[in-house]
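# What follows is a protein structure lacking sequence information:
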């Protein structure tokens, strides 16, 4: 079984949380029993999370050797220069080594997304922009670290697709079986 789930902001990609007070988890969304996340999506990120009951499929979906692209819609603070975009395309140096080259596109207009609760901070004096960032690797908080490394802090991050699977019209907290 394969499930596409639109993970809301501030939800853990697991079914339990031992912190006090406990944070929201996948357990609150009526997902089928015995599925688990194929990969991760940070607590403060949103969008497509694939869940499965098949360990081999989970490995195929997440192992970089299978070269499944992951595309994120990223709202950044500032207006990216051509040099900043090229640096992201070439790969940037992070504290755990250089990233692989990424596919980077400006999104204009911004993607039509649901309203986030709480909303992204807004500053009248600082513009923001949207980028589509496509990666083939998946390091911890990689997109946020990459954009920060080129001077474009991430304000909002939404995973739009993973391999052949796309978020589509799923709203936060909704899921559908896709396989």
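Yes, it's here. This structure is a prediction, so every number in the text was calculated from the model and none was measured. Numbers count the residues shown, from 1 in each chain.
# Could I get the full set of strands for this structure?
Along the chain, counting by DSSP state E, strands occupy 2-7, 36-37, 46-52, 70-77, 93-94, 97-98, 103-106, 128-135, 154-162, 165-166, 175-177.
# Need the contact partners of the fourth one.
With Cβ atoms under 8 Å, 6 or more residues apart in numbering as the contact definition, strand 70-77 has outside contacts at 47, 107, 110-111, 113, 120, 126, 128-136, 138, 143, 147, 152-163. For the C-beta atoms, the positions are set from N, CA and C on the backbone; glycine is no exception.
# Confidence-wise, which helix or strand of the protein is lowest on average?
helix 55-62 (a mean of 86; mean pLDDT, DSSP states H and E).
# Determine the set of other helices and strands touching that one.
strand 46-52 (3 or more Cβ pairs under 8 Å, 6 or more residues apart in numbering; DSSP states H and E).
# and the strand it packs on, what does it pack onto?
Packed next to strand 46-52, using 3+ Cβ pairs under 8 Å, 6+ apart, are strand 2-7, strand 36-37, helix 55-62, strand 154-162, strand 165-166.
# Export the ones you listed as CSV, with columns for distance to residue 82 and mean neighbour count.
Formatted as CSV, the helices and strands packed on strand 46-52 follow (distance: least, Cβ to Cβ, whole Å; neighbours: other Cβ atoms under 10 Å):
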stretch, distance to residue 82, mean neighbour count
strand 2-7, 33, 22
strand 36-37, 36, 18
helix 55-62, 33, 15
strand 154-162, 19, 22
strand 165-166, 28, 16
